[in-house]
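> Would you be able to build a 3D model of this:
(one chain, ligands or ions: 2)
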Amino acid sequence: YGPSLRPQYVVQDTVYYRRVPPPTYEVKEPAYYCPNVAGLETRCRPTKDCAVWYDEVLATPSTACKLSDGNPGSCCPDLPFNFKGMTFKEPPACEGGVELDEHAGCLDVFSVNAAADAGEFELRLHKETAKRLKEKNVVVQASSPRATHARFSNPSEHARQVTNEAFVGVHTAVVLVKRFKIKTEQVGCALHRFKLSDTDLTEKCTTVSKAHCSEAKLNSPFRMIDGSCNNERHFIWGRATTQYHRMLASHYADGVWSPRVAKSGNALPSARLVSTSLVRDEDQPSESTTIWFMQYGQFIDHDIVSTPEMSNEDGTPVTCCSEDGKHLENEDRSHGKCLPIDVPVNDPFFATFGRTCIQFVRAGLACRTDHQLGHAAQLNGNTHFLDLSLVYGSDDKTAGELRTNVSGELNVTLKQGKGSHKFDLLPPLDGSPLHAPCTLPRELTGIEPPQNVRCFKAGDGRPDVTPNMATSQIVFLREHNRLTKELAQLNPSWDDERLYQEARRILIAQAQHITYNEWLPILLGRSKMAQLGLLPLQSGFSTDYDNHLNPSILSEFVAAAFRFGHSLVQGKALLVNEQRSVEKDILLRQHFFKPQTLYTPGNLEKYLVGLATQPTQKVDLSFTKELTEHLFEETGAGFGLDLVALNIQRGRDFGLRSYNDYRELCGVGRATNFDGLVDLIDPVIIQRFKAVYNSVDDIDLFIGGVSEAKAEGAYVGPTFQCILADQFLKLKRGDRHFYDLGGQPSSFTQEQLNEIRKTSLARIVCDNSQVNDIQPMVFKMPSTINPVVSCQSSSIPRMNLRPWQEASKPETGGYYGGYY
Ligand code: HEM
Ligand SMILES: [Ca+2]
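Ligands and ions are numbered 1, 2, ... in the order given. Here you go, the predicted model:
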């Protein structure tokens, strides 16, 4: 451990450490000597319970030990004391101290209503524009990168409807700001005085204003599919198709929706120019962390966020550049849904294909939770909670389509005779003409595309984005069905609904445990987790639930910080056998939304071992060209999209403030000029910043964040660490169904909770594939931790379902009173 750890963890040992009794495993006192680690007493335990001590365990000799049954484990201390950190408060719609100019102050309901008429008119106009474009054949070409991106960001019908309603509100605000010449900094205060319900917009956004939860729903031990009714008073907090919230007030040029401009008032540099100026594709593999770390990150991402893009009235995607990659005429994008990215004429890559325009469609708009007029807010299509909505769906219709309605199971594509779930794949998706084929071309495989290969359907719309993403979805799908089978055996009287809900509840708890016990410690580091109170408890119930806390996803998180994961991505995914030798590699560009390789028996296992063998890349300014030049490439075209440019443009679309503002918020300290960044950013990179941005206050959050040196023990720099930690704290404290809470309607018994604590991702992989041997902590390189062990070994503990033999909580639930 580094010297900086010493004072905090060793000297003050007696003050900061609480002895936690070891109830979880019946580990008899080991006949084994465990050395002190970081100056603390240790115990021999399953390696996955040493996740937060990884670096220290590695640095201490002789920490490999034997569990009481003779299987290998690791010596590490109890978890450090969990402090109770604070979350950031959402900025008020009207920040104190702003004085309104007279003309802004005398806005009244009549003028708002007049503007609302203009807003409605605007919406109708846009519908006309869409029709005209279709007639002119200015449409998205099938199989193009734009078509695939549209599929990635596809709005549901409900999301489209919400966007339309919210659009009128946003345009009302835009019109008011223009007509009354309201200064940007006064917009929030001038507009927030008007509730939609006091104006002609009463009928807009009623799914927000009129949300209702019955007693039965509020008392149910099971979450609603759409995430509603989690908070007893704020029924929509965390619900799907509600807005992203914010850490800092938005920064839009007009105060409402038009993208940020530079401090000078000129346009910001093109997002593509920023990307090419700063980003390189260099191999910077991690020494200790596997690509499973990246993949599980994307898995979480697809659980908690899905930003639908704006679309045409009939649901077809919008195009923002011409087919040959040039800008459209102004009138052809007068619908305002486009924010195309300029390609500089000397662009080292796209210019060689004659492209001057990169497609970019604005994110769908949300009805504001406060039901007031104000700046635009963006829409989350998924439930904001960590509730495995990517497995189960975020709306009742999708959830229903995913179920067999027999024995609580989820639909699968059967790959072998009945009986073994270990071969099942996700169920098939119905095709649509704009989708590129889900099969690989003959030129690549040497065979005709097989008829039976279909894209996959899941609770989230993006399982096919890469084979590894689909793989991660498949093992969780199988775990659900494995749980239902076991539960059915233990409880012959449970019906389909009961089995489904109980298995769902357990699986969500398992995933939450993996996230907070194994994954977050790598991302955030132990000290940050302890400082905020993010460490999982080793025993007992948590009292952390805070019903005043809105758990919703933050714009800064979704449009910048959580995209750190793009820097982790390897350009090639590996198929690795159990002897850990690489059998094959696949180039991402050939496999986006083409899951064909998973239909070959044995390949899923090879992907799983590959995920646990290949190192992940570090978080830095190095990104694979598979993402920056070939994202969603059409077979043979030679180019696709640039994900870094999309990330930067998305930040502007979301009205994110500049990187410097978040440094200040996060206590890193504002830089007064470029050279002031040197505390966290390499001088060579600062030079590159100077070359592309005019002011240190112009730097986009995403690019600033990935440029930072790492925070202590963390995988990201301090600014992203701060945003990410705040989000995961909110997701934990603001979720009434979080897995380790006692006393809530959904609470597990102590015995059940202790079983859930045995969960690890390694165990889920073992139980749901034909993999026989794996390391007990799959996020860590097999060479650096306790050896690869057999899936049969108790080094990878297994949750026992016996405590679920008794009904979990019949007395609390409206559920058993027949809510469903
Ligand atoms: C091969 C892997 C990946 C691909 C191809 C991919 C692709 C994409 C694309 C196309 C977008 C939408 C960009 C936009 O228009 O704004 C996106 C968004 C995003 N990605 Fe990734 N991504 C990958 C891995 C990851 C990982 C590992 C993480 C996190 C650990 C991550 C986190 C996110 C987040 C948070 C968003 C915003 C999502 C939303 O707004 O719905 N991605 N990604
Ligand atoms: Ca969710």
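
> Pick out the residue of the stretch 51-200 of the chain closest to ligand 1.
At 5.1 Å from ligand 1, Phe152 is the closest residue in the stretch 51-200 of the chain, using CB to the nearest ligand atom. C-beta coordinates here come from the backbone N, C-alpha and C atoms, glycine included.

> Ligand 2 versus that residue, what's the distance?
17 Å (CB to the ion, to the nearest Å).

> and Val98, what does it touch?
The neighbourhood of Val98, defined by CB atoms under 8 Å, 6 or more residues apart in numbering, consists of 185-186, 188-189.

> where does it land on pLDDT?
Here the pLDDT value assigned to Val98 is 87.

> Next: the one 3 residues further on.
Taken from the predicted model, the pLDDT recorded for Asp101 is 91.

> cool, the one 3 residues further on as well?
The predicted structure scores Ala104 at 85 on the pLDDT scale.

> What is the neighbour count of it?
The number of residues packed around Ala104, counting by other CB atoms under 10 Å, is 20.

> would you say it is within a helix?
Yes - under DSSP: H, G, I helix; E, B strand; the rest coil, Ala104 falls within a helix.

> still on that earlier bit, identify the residues contacting the residue of the stretch 51-200 of the chain closest to ligand 1.
461-462, 465, 632.

> same thing but 7 Å
Contacts for Phe152 were tallied using CB atoms under 7 Å, 6 or more residues apart in numbering; they are 462, 465.

> So for the chain, which residue is the most central one in space?
The chain has Asp301 as the residue nearest its centroid, 1.8 Å off, counting by CA atoms, centre = their mean.

> ok, so what distance separates the closest residue in space to that residue that isn't next to it in sequence from Ile514?
Take Asp301 and drop its neighbours on the chain: the residue closest to it by CB to CB, 6 or more residues apart in numbering is Phe562, 6.1 Å away. Distance, Phe562 to Ile514, using CB to CB, to the nearest Å: 17 Å.

> what do you get for Asn71?
20 Å.

> And these two? Which one has more around it.
Ile514 (25 against 18).

> Tell me who's in contact with the closest residue in space to that one that isn't next to it in sequence.
Nearest residue to Ile514, sequence neighbours excluded (CB to CB, 6+ apart): Leu761, at 5.1 Å. Contacts here follow CB under 7 Å, 6+ apart; on that basis Leu761 touches 296, 514, 518, 778.

> Could I get the full set of strands for the protein?
43-45, 64-66, 72-76, 242-243, 285-290, 341-342, 357-358, 379-380, 572-576, 582-587, 615-617, 773-774, 789-790 (DSSP state E).

> Could you check how far the fifth one is from the centre of its chain?
Offset of strand 285-290 from its chain centre (CA atoms, centre = their mean, to the nearest Å): 21 Å.

> buried sites along stretch 449-457?
Within stretch 449-457, the residues that qualify as buried are 453-457, counting by 16 or more other CB atoms under 10 Å.

> need those in a markdown table with pLDDT, can you?
Output for these, formatted as a markdown table (pLDDT from 0 to 100):
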| residue | pLDDT |
| --- | --- |
| Val453 | 93 |
| Arg454 | 93 |
| Cys455 | 95 |
| Phe456 | 96 |
| Lys457 | 97 |
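
> And the contacts of stretch 427-434?
140, 142, 147, 317, 411-413, 454-457.

> quick one: whatever residue of the stretch 551-700 of the chain ends up closest to ligand 2 from ligand 1, how far?
In the stretch 551-700 of the chain, the residue found nearest to ligand 2 is Ile553; the distance is 9.1 Å by CB to the ion. Distance from Ile553 to ligand 1, counting by CB to the nearest ligand atom, to the nearest Å: 9 Å.

> Could you give the number of residues near that residue?
By the other CB under 10 Å criterion, the neighbourhood of Ile553 contains 26 residues.

> Run a quick check on it versus Gly381, I expect a contact.
No - with contact defined as CB atoms under 7 Å, Ile553 and Gly381 do not form a contacting pair (11.1 Å).

> what number of residues lie near the closest residue to ligand 1 within the stretch 451-600 of the chain?
Across the stretch 451-600 of the chain, the shortest distance to ligand 1 (CB to the nearest ligand atom) belongs to Gly565, at 2.2 Å. Residues contacting Gly565 under the criterion other CB under 10 Å number 21.

> what's the answer for the one 5 residues further on, then?
Here the number of neighbours of Gln570 (other CB under 10 Å) works out to 20.

> Dihedrals phi and psi, it?
Here is the backbone geometry of Gln570 (degrees, to the nearest 10): phi -90, psi 140.

> Isn't it up against Thr613?
No - Gln570 is beyond contact range of Thr613, at 11.4 Å (criterion: CB under 7 Å).

> Which strand residues bridge Asp585?
Per DSSP bridges, the residues bridged to Asp585 are Leu574.

> Do you know the pLDDT at it?
On pLDDT, Asp585 comes in at 97.

> State the pair within the contacts of stretch 427-434 that is farthest apart.
Val140 and Val412 (31.8 Å; CB to CB).

> which parts of the chain sit against ligand 1?
The interface of the chain toward ligand 1, taken as CB under 6 Å from any ligand atom, is made up of 149, 152-153, 294, 297-298, 301, 305-307, 465-466, 558, 562-563, 565-566, 568-569, 588, 643, 646, 650.

> one more time with 5 Å, if that's ok
Taking CB under 5 Å from any ligand atom as the measure of proximity, the chain contacts ligand 1 at 294, 297-298, 301, 305-307, 466, 558, 562-563, 565, 569, 646, 650.

> Those residues in helices, which ones?
Residues of the residues of the chain next to ligand 1 located in helices (DSSP state H): 294, 297-298, 301, 558, 646, 650.

> ok, so of those, who is nearest Glu313?
The closest of these, once distances to Glu313 are taken by CB to CB, is Arg650, at 23.4 Å.

> Enumerate every residue touching that closest one.
Ala559.

> can you check the one 4 residues further on too?
In this structure, Phe654 makes contact with 363, 378, 555, 559, judged by CB under 7 Å, 6+ apart.

> how about a cut-off of 10 Å?
Phe654 makes contact with 244, 246, 250-252, 259-260, 307, 362-363, 376-378, 555-556, 558-560, 701 under the criterion CB atoms under 10 Å, 6 or more residues apart in numbering.

> Confirm for me that Arg179 is in contact with Ala190.
No - taking CB atoms under 10 Å as the definition, Arg179 is not a contact partner of Ala190, at 11.7 Å.

> Looking at those two, which is more packed in?
Ala190 (26 against 14).

> any idea how far the nearest residue to the more buried one once chain neighbours are set aside lies from ligand 2?
Leaving out its chain neighbours, the residue that sits closest to Ala190 by CB to CB, 6+ apart is Ala104, at 4.4 Å. Taking CB to the ion as the measure, Ala104 falls 39 Å from ligand 2.

> Which neighbours do Ile553 and Gly381 have in common?
By the contact definition CB under 10 Å, 6+ apart, Ile553 and Gly381 are jointly contacted by 242, 305, 307.

> okay, now the spatially closest residue to the last one that is not a sequence neighbour: neighbour count?
Right, Thr307. Excluding its sequence neighbours, the residue lying closest to Thr307 (CB to CB, 6+ apart) is Ala363, at 4.9 Å. Neighbours of Ala363 under the rule other CB under 10 Å: 26.

> Over to Glu282?
12.

> repeat for His371
18.

> Please apply the same query to the one 5 residues further on.
Ala376 is flanked by 25 other residues according to other CB under 10 Å.

> Give me the distance from the lengthiest helix in the chain to the chain's centre.
Longest helix of the chain, by residue count under DSSP H: helix 109-135. Taking CA atoms, centre = their mean, the mean C-alpha location of helix 109-135 is offset from the chain mean by 34 Å.

> go on, stretch 366-373?
Distance of stretch 366-373 from the chain centroid (CA atoms, centre = their mean) equals 23 Å.

> Distance across that stretch, terminal residue to terminal residue?
Length of stretch 366-373, first residue to last, CA to CA, to the nearest Å: 12 Å.

> do the same with stretch 707-727
21 Å.

> picking that back up, could you identify which of the residues of the chain next to ligand 1 has the most neighbours?
Result: Ser306 is most packed of the residues of the chain next to ligand 1 (other CB under 10 Å), 27 neighbours.
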